[in-house]
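K.L.:
no FASTA, just this:
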């Protein structure tokens with residue numbers, strides 16, 4: 001892992017490419033360039049058959065420079081450090097500060113690459129890469145560039161480990177206001193990567209971080225508690241407090257937005273004179289008035305009918321036989 005500091009003082013963690021991957025990328029680029037050079041040479045030989053020997057030699061040299069020198073420079077400039085071989089191997093050329101390369105960087109790399117790769121069959125480039133701490137060849141040193149890996153394997157240690165159950169709620173009264181953000185970041189990075197560290201190195205880092213955290217909080221590490229478990233429990237307590245504070249603020253904002261009771265739609269009243277459905281009795285204003293006043297419903301002539309007495313029936317014209 002290489003740490004590059006940009007102009008804005010931002011630390012970039014980049015993985016410099018190793019010699020085998022770089023050699024494979026250069027080999028792929030050379031194969032493509034040689035195939036293109038052979039095809040171009042055949043075309044130029046057929047096109048310059050009528051010229052003299054000197055002209056054909058000049059055209060051959062121009063084609064060699066164009067394909068094996070100019071083309072890689074143009075490709076790296078246009079793709080910002082990704083040639084065909086580097087793209088296939090997941091590599092990229094960047095500046096020392098982590099930014100994309102420009103034409104001058106590609107020109108210096110390509111010009112020196114003719115000497116250390118083409119003329120010496122890559123021996124000088126291999127020696128320089130083995131000697132350099134970041135695997136840089138001479139072209140990278142003079143151009144101020146670095147070949148890095150773009151396809152970095154995803155680490156499984158991406159989440160914070162949970163504290164032991166017997167430490168849950170043990171640090172609720174701990175004062176965490178004096179702990180700086182830098183120390184929190186260091187603790188989080190250790191907890192997410194402690195599975196990748198050497199046991200002895202990881203134990204020492206946990207001891208130092210636990211001591212710094214205890215000094216900031218004013219409470220020593222409880223006896224018998226491992227340093228890594230202590231760190232995980234304190235970070236979990238901080239996350240719990242932040243979540244509780246965030247939810248409390250959200251509830252306060254929601255409560256202050258208005259406490260009106262929502263109105264629900266009701267069924268509109270049935271229009272007057274419409275038929276009633278099954279099981280629903282028709283509305284009789286006389287019966288309603290009588291029930292309200294306590295009187296009996298009125299008869300056909302408007303007089304109230306006594307209870308138990310039916311109203312007189314109308315004559316039908318039927319006479320019983322004698």
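P.N.:
Nice, I can see it. Just so it is clear, the model here is predicted, and its values are computed rather than measured. Numbers count the residues shown, from 1 in each chain.

K.L.:
Just the pLDDT for the spatially closest residue to residue 219 that is not a sequence neighbour.
P.N.:
Distances taken as CB to CB, 6 or more residues apart in numbering place residue 174 nearest to residue 219, at 5.9 Å, with adjacent residues excluded. Using the backbone N, CA and C atoms, a C-beta is placed for each residue, glycine as well. pLDDT for residue 174: 82.

K.L.:
ok, residue 174 - contacts?
P.N.:
Neighbouring residues of residue 174 by CB atoms under 8 Å, 6 or more residues apart in numbering: 217, 219, 234, 237.

K.L.:
just the buried members of those residues?
P.N.:
Neighbour-count burial (16 or more other CB atoms under 10 Å) is assigned, among those, to 217, 234, 237.

K.L.:
Filter those down to the ones in helices?
P.N.:
Members of the buried ones among the contacts of residue 174 lying in helices (criterion: DSSP state H): 217, 234, 237.

K.L.:
Out of those, the closest to residue 148 would be?
P.N.:
Using CB to CB, residue 234 is the member of these that sits closest to residue 148, with 35.4 Å.

K.L.:
For the closest one, which non-adjacent residue is spatially closest?
P.N.:
The spatial neighbour of residue 234 that comes closest, neighbours along the chain excluded (CB to CB, 6+ apart), is residue 171 at 5.7 Å.

K.L.:
gap between the one you found and residue 221?
P.N.:
11 Å (CB to CB, to the nearest Å).

K.L.:
in the stretch 1-150 of the chain, which spans are strands?
P.N.:
2-5, 11-14, 91-95, 145-149 (DSSP state E, counting those that start in this stretch).

K.L.:
Which strands and helices lie in contact with the third one?
P.N.:
Secondary-structure packing of strand 91-95 (3 or more CB pairs under 8 Å, 6 or more residues apart in numbering; DSSP states H and E): helix 19-47, helix 84-89, helix 103-113, strand 145-149.

K.L.:
so can I have CSV of these showing mean pLDDT and distance to residue 192?
P.N.:
What follows is those, written out as CSV (pLDDT from 0 to 100; distance: least, CB to CB, whole Å):
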stretch, mean pLDDT, distance to residue 192
helix 19-47, 89, 26
helix 84-89, 91, 28
helix 103-113, 93, 35
strand 145-149, 91, 20
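
K.L.:
Deepest-packed of the ones you listed, please.
P.N.:
Across the helices and strands packed on strand 91-95, averaging neighbours per residue (mean count of other CB atoms under 10 Å) puts strand 145-149 on top, at a mean of 22.

K.L.:
Now do the contacts for residue 175.
P.N.:
Residue 175 neighbours (CB under 8 Å, 6+ apart): 217, 218, 219.

K.L.:
And the helices in the chain, which stretches?
P.N.:
Using DSSP H, helices in the chain cover 19-47, 53-65, 71-78, 84-89, 103-113, 123-131, 138-143, 181-193, 199-217, 227-256, 285-293.

K.L.:
tell me which residues in the longest one are buried?
P.N.:
Neighbour-count burial for helix 227-256 flags 227, 228, 229, 230, 231, 232, 233, 234, 235, 236, 237, 238 (criterion: 16+ other CB under 10 Å).

K.L.:
Roughly how far does the fourth one sit from residue 162?
P.N.:
Going from residue 230 to residue 162 by CB to CB gives 14 Å.

K.L.:
Could you do the fifth one as well?
P.N.:
Between residue 231 and residue 162 the distance is 12 Å, computed by CB to CB.

K.L.:
Also residue 125?
P.N.:
49 Å.

K.L.:
Comparing those two, which residue is more hemmed in?
P.N.:
Each of residue 125 and residue 162 has its neighbours counted (other CB atoms under 10 Å); residue 125 has more, 25 against 11.

K.L.:
Quick one: residues contacting the more buried one.
P.N.:
Neighbours of residue 125 in contact, by CB under 8 Å, 6+ apart: 26, 113, 116, 117, 137, 138, 139.

K.L.:
With residue 237 instead?
P.N.:
171, 172, 174, 176.

K.L.:
Check residue 51 too.
P.N.:
Counted by CB under 8 Å, 6+ apart, residue 51 has contacts residue 59.
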